[in-house]
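Chemist: Generate a structure from the sequence data that follows.
(chains A, B and C)
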Amino acid sequence: MLRQRFIESIVGLFLIFTALALSILAFKVSGLTSLFPDASYHITADFDEIGGLKVRAPVKIGGVQIGEVSDIALDPATFKAVVTLAIRNQYRDIPDDSSAGIFTAGLLGDNYIAITPMYNTTFLKEGGHIEITRSAMVLEKLIGQFLYKVGNSGQSDNSNSNKQSEKGGQQ
Amino acid sequence: MNQVALLGQWGIQLLRDFGKAGILLYQILFYRPHFRKGFPLVVQQIYAEGVLSLAIIIVSSLFIGMVLALQGYHTLSKFGASQELGPLVALSVVRELGPVVTAILFAGRAGSAVTAEIGLMKATEQLSSMEMMAVDPLRRVIAPRFWGGFISMPLLTIIFNMMAIYGAYLVGVKWLGVDAGVFWSNMRSSVDFHSDVVNGILKSVVFGVAVIWISLFQGYFAAPTSAGIANATTRSVVYGSLVILGLDFILTAVMIGEW
Amino acid sequence: MPTNIVEINQMSFQHDNGKVVFRDVDLLIPQGKVTAVMGPSGTGKTTLLKLIGGQLAPTCGTIRVGGELVHDLSRQALYKLRRRLGMLFQASGLFTHMTVFDNVAFPLREHTPLSESMIHTITLMKLQMVGLRGAKDLMPSELSGGMARRVALARAIALDPELIMYDEPFTGQDPISLGVLVKLVRTLNDALGLTSIIVSHDVQETLTIADYVYVIVDAKIIGQGTPEAIVNDTANKQLQQFIQGLADGPVPFHYPAASLEKDFLEEHV
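Modeler: Numbering: from 1, shown residues only, chains lettered A, B, ... in the order given. As a prediction, this is how the structure comes out:
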């Protein structure tokens, strides 16, 4: 009986230790801020080009994360990307004429959405829509534009090599 | 013709073994348990299988975390990406290494012990005497060991995960000089609780069932001789480990499809 | 007229691999007596006990224990029946992770709602009957073979069964333990009003305490009767070879082999 009690206490300790480990895993390692998913409201924005934007990418204002991308779909009529953003309920004062743009974290990092707030006094709410958007910058297009510009400025010097650079830039 | 007959016989034997294993599992799961009498037995088995495996789990996880940090830093720093050490270690451990290595260690330590114990009890006619005393050995001996394994595996995996990440922290931050804030915050933003940690724990539950089921089957149907028990013990470790790795692939494929 | 606790009628049994263990066997175990079932090793004497206890079912024929058809009982009814039986296994079957006391108390704790102090008293009484009350705190690994068997016996009688079965109780025992066990089997049977079945191939010891003997060779009963009748049945050669332990007789000394010329004189590659 004494042995049985000893065993039971040790098992109890084991369970407590595990619960502790689980909470460390939850909060320190995976950044769970609460046990329940944050209540958030959803707004949409249309983009011509989303680049490498993925679901669960962060949505930030001024660099501070206020929500995440919850869905990405293609509008079959306009062929634009319809991105649904889930904004946490505590940030309910975003003017509805704000703009949203897709940026890159660092030089070669993941894409995220940054919202630039404007001056309206009416705010975005569930089902709202951001009108002004800025698409992602695709690296290859940038290089192409740059080479095109370089090619154009040197056009008066050497037209042959310019044409070659154009072809190279557009590929 | 003889070869074909032998192959056929082997196939039928395999089928029969699967059938026996399935019936054993059915009997364990669906025969009404006596909670008042059964509970202390299960607690005893959690102690024997879980608590006594803690030593090997904690030591292994610390070393694995430390090595992971060392190797990871060495390679990542070539790309100037040493700030990604946190996510590297955490994701590797929580998604794959935690469940798989814990399960394999569990099969080796607790699984083999269970097989040997039950095989021995069968060989020394302890199970027969229990039956003749009108006590069901399935309820008294087999089922508690099953539930003990079922409960212990995910618990051990959680502890493994934590200790491995702690080991990586020790090497990465304290020794190699990665900034602590960067280490933890990058890790936090890469690891999602539901799809990484919880999925890993689900994997460990599946592995736990597989390992303890194989160990119980091998022990219960072992030949009642010393050679028979030795072979059964080896088989339960080998089959258990192989099944873990196979299941890991299947589960990872299913989970990556974001079910 | 004593009733028969066990009635076996025209029973046949064969293993999965086809080996025939019993063929058309009729056996009666009278109440209150010590009945011995003897025969050479491997004739399936342990199998007989398993058939009576319901762990195996006969291929044909009937086995009745206490009037009930053992092999037709539901799991629950079978377990109820088994509480009235006690069995002593050859390997003693003691639970190695419990003390002697806990081993003997096990059936009491499992099947009776008695309080711990009552169980304590009864367990000590049973241990006293086999002379091992002082060993109650030892572990089975610390016991000698003979002592382990006695503890197993105490455990078998813990629930005061009506029938007790001994599987080769005298095999491999030193003379003193042998004497102790022989005395115990007979004394317990008479003092507790038990019915005992002894399965053994130790002829001398068994004949001293048995009231009735069956001898089974090659799946059939070749002789039965009181010990005196068995010993005096000189006409039955097979029986006499077994009883007297003769090296040669109906069971030949030489294993069937090729002729002497073939093995010794012919050239072997």
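
Chemist: From here on, just use CA atoms for contacts and neighbour counts.
Modeler: OK.

Chemist: Please name the residues that touch B:Ala55.
Modeler: For B:Ala55, the contact set (C-alpha atoms under 8 Å, 6 or more residues apart in numbering or on different chains) is empty.

Chemist: Check the secondary structure at it for me.
Modeler: helix (DSSP: H, G, I helix; E, B strand; the rest coil).

Chemist: Wait, A:Pro58 touches A:Tyr112, no?
Modeler: Yes: with contact defined as C-alpha atoms under 8 Å, A:Pro58 counts as touching A:Tyr112 (5.4 Å).

Chemist: Near chain B, which residues of chain C are found?
Modeler: C:53, C:79-80, C:82-83, C:85-89, C:91-95, C:107, C:110, C:156 (C-alpha under 8 Å from any C-alpha of the partner chain).

Chemist: out of those residues, which are inside helices?
Modeler: C:Gly53, C:Tyr79, C:Lys80, C:Arg82, C:Pro107, C:Glu110, C:Ala156 (DSSP state H).

Chemist: What is the nearest of the residues you listed to A:Lys54?
Modeler: Using C-alpha to C-alpha, C:Glu110 comes nearest to A:Lys54 of these, at 61.4 Å.

Chemist: What residues does chain B have near chain A?
Modeler: B:40, B:43-44, B:46-47, B:51, B:90, B:155-156, B:158-159, B:161-162, B:184, B:187-193, B:197.

Chemist: Which among these count as buried?
Modeler: B:40, B:43-44, B:46-47, B:51, B:90, B:155-156, B:158-159, B:161-162, B:184, B:187-188, B:190-193, B:197 (16 or more other C-alpha atoms under 10 Å in any protein chain shown).

Chemist: picking that back up, ChimeraX command to pick out the buried ones of the ones in helices among the residues of chain C next to chain B?
Modeler: The ChimeraX selection below is limited to those of these classed as buried (16+ other C-alpha under 10 Å):
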select /C:53,79,82,107,156
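
Chemist: In the ones in helices among the residues of chain C next to chain B, find the pair that's most separated.
Modeler: C:Gly53 and C:Glu110 (18.9 Å).

Chemist: which phi and psi does residue 112 have?
Modeler: Here I'm looking at chain A. Dihedral pair for A:Tyr112: phi -140, psi 170, per degrees, to the nearest 10.

Chemist: if you could check chain C rather than the one you did, that'd help
Modeler: phi -120, psi 150.

Chemist: any idea of the pLDDT on B:Ile56?
Modeler: B:Ile56 is assigned a predicted lDDT (pLDDT) of 95.

Chemist: Can you tell me how far it is from B:Gln13?
Modeler: 36 Å (C-alpha to C-alpha, to the nearest Å).

Chemist: quick one: the helices in chain A?
Modeler: Under DSSP H, chain A gives helices at A:2-24, A:139-153, A:159-170.

Chemist: Report the beta-bridge partner residues of the nearest residue to A:Pro58 once chain neighbours are set aside.
Modeler: Counting by C-alpha to C-alpha, 6 or more residues apart in numbering or on different chains, A:Glu68 is the residue found nearest to A:Pro58 once chain neighbours are left out, at 4.4 Å. In this entry, A:Glu68 is beta-bridged to A:Pro58, A:Ala86, by DSSP bridges.

Chemist: okay but A:Glu68 is in contact with A:Ile61, surely?
Modeler: No: here A:Glu68 lies out of contact with A:Ile61, judged by C-alpha under 8 Å, at a distance of 11.5 Å.

Chemist: which one of the two has more residues nearby?
Modeler: A:Glu68 (22 against 15; other C-alpha atoms under 10 Å in any protein chain shown).

Chemist: dump the residue contacts of that one.
Modeler: A:Val55, A:Arg56, A:Ala57, A:Pro58, A:Val59, A:Leu85, A:Ala86, A:Ile87.

Chemist: again, only using 7 Å
Modeler: A:Arg56, A:Ala57, A:Pro58, A:Val59, A:Leu85, A:Ala86, A:Ile87 (C-alpha atoms under 7 Å, 6 or more residues apart in numbering or on different chains).

Chemist: got it, and C:Gln241?
Modeler: Neighbour list for C:Gln241: C:Gly249 [criterion: C-alpha under 7 Å, 6+ apart].

Chemist: so what's the backbone phi/psi at it?
Modeler: Residue torsions, per degrees, to the nearest 10, at C:Gln241 are phi -60, psi -40.

Chemist: Helices of chain C, start to end?
Modeler: According to DSSP H, the helices that chain C contains are C:45-53, C:75-82, C:100-111, C:116-129, C:145-156, C:175-192, C:203-209, C:227-232, C:237-244, C:260.

Chemist: In a markdown table, list those along with mean pLDDT.
Modeler: Formatted as a markdown table, the helices of chain C follow (pLDDT from 0 to 100):
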| stretch | mean pLDDT |
| --- | --- |
| helix C:45-53 | 83 |
| helix C:75-82 | 83 |
| helix C:100-111 | 90 |
| helix C:116-129 | 91 |
| helix C:145-156 | 88 |
| helix C:175-192 | 86 |
| helix C:203-209 | 84 |
| helix C:227-232 | 82 |
| helix C:237-244 | 78 |
| helix C:260 | 81 |
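
Chemist: Most tightly packed of those?
Modeler: helix C:145-156 (a mean of 25; mean count of other C-alpha atoms under 10 Å in any protein chain shown).

Chemist: I'd like to check what contacts that one. Which residues are they?
Modeler: C:86-88, C:92, C:94, C:100, C:103-104, C:126-127, C:130, C:140, C:173, C:177.

Chemist: mind running it again at 8 Å?
Modeler: B:133, C:86-89, C:92-94, C:100, C:103-107, C:126-127, C:129-130, C:132, C:140, C:164, C:169, C:173, C:177-178, C:181.

Chemist: Just the angle for it relative to helix C:116-129, thanks.
Modeler: Angle, helix C:145-156 to helix C:116-129, by axes from the mean of the first three to the mean of the last three C-alpha atoms, to 10 degrees: 140 degrees.

Chemist: next SSE after the helix or strand hosting B:Leu156?
Modeler: Here B:Leu156 sits within helix B:143-169, counting by DSSP states H and E. Sequence-wise, the next helix or strand downstream of helix B:143-169 (DSSP H and E) is helix B:180-190.

Chemist: Tell me the helices and strands packed up against the helix or strand that that next one is followed by.
Modeler: Using DSSP H and E, the helix or strand that follows helix B:180-190 towards the C-terminus is helix B:199-220. Packing partners of helix B:199-220 (3 or more C-alpha pairs under 8 Å, 6 or more residues apart in numbering or on different chains; DSSP states H and E): helix B:2-30, helix B:98-106, helix B:112-123, helix B:143-169, helix B:226-256.
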